[in-house]
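Trainee: Take a look and give me a structure for this.
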Amino acid sequence: MLAYCDYIVTIIKANLLPHDDMAHIDTVGPIGYDLGPNGEFLGTKKTLEVTDMNGKRYLITVEEL
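Mentor: As a prediction, the model looks like this:
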């Protein structure tokens, strides 16, 4: 069965800033992949770091259960 972690995190990333009408989000970082020390694929988990207007950082994680 297919997992859609890539698709879901891409949709989240693309929609955070355009839909932040109150301008609380400062930055949305690149999508992080679950890779080993040599760049090998470890799993479908994806992460996204977001910083708010006060400099507080958040980590959004998308992984299949």
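Trainee: Please enumerate the helices of this structure.
Mentor: Ranges of helices within the chain are 5-16, based on DSSP state H.
Trainee: Which residues are in contact with the residue nearest to the spatial centre of the chain?
Mentor: Among the residues of the chain, the one closest to the centroid is L48, at 2.2 Å (C-alpha atoms, centre = their mean). By C-beta atoms under 8 Å, 6 or more residues apart in numbering, the contact set of L48 is V9, I12, K13, V28, G29, I31, G32, L59, I60, T61, V62. From N, CA and C alone the C-beta is placed, and that goes for glycine too.
Trainee: From those residues, pick the one nearest D20.
Mentor: V28 (9.4 Å; C-beta to C-beta).
Trainee: what's the neighbour count on the closest one?
Mentor: By other C-beta atoms under 10 Å, 18 other residues sit near V28.
Trainee: now T44
Mentor: Considering only other C-beta under 10 Å, T44 is surrounded by 15 other residues.
Trainee: roughly how far apart are it and P18?
Mentor: 26 Å (C-beta to C-beta, to the nearest Å).
Trainee: With V28 instead?
Mentor: Counting by C-beta to C-beta, the gap from V28 to P18 is 10 Å.
Trainee: so where is the chain shaky, pLDDT-wise?
Mentor: By pLDDT under 70, the chain has no low-scoring segment.
Trainee: Where do the strands of it begin and end?
Mentor: 25-35, 41-52, 57-62 (DSSP state E).
Trainee: Quick one: closest of those strands to A3.
Mentor: Nearest of these (C-beta to C-beta): strand 41-52, 4.7 Å.
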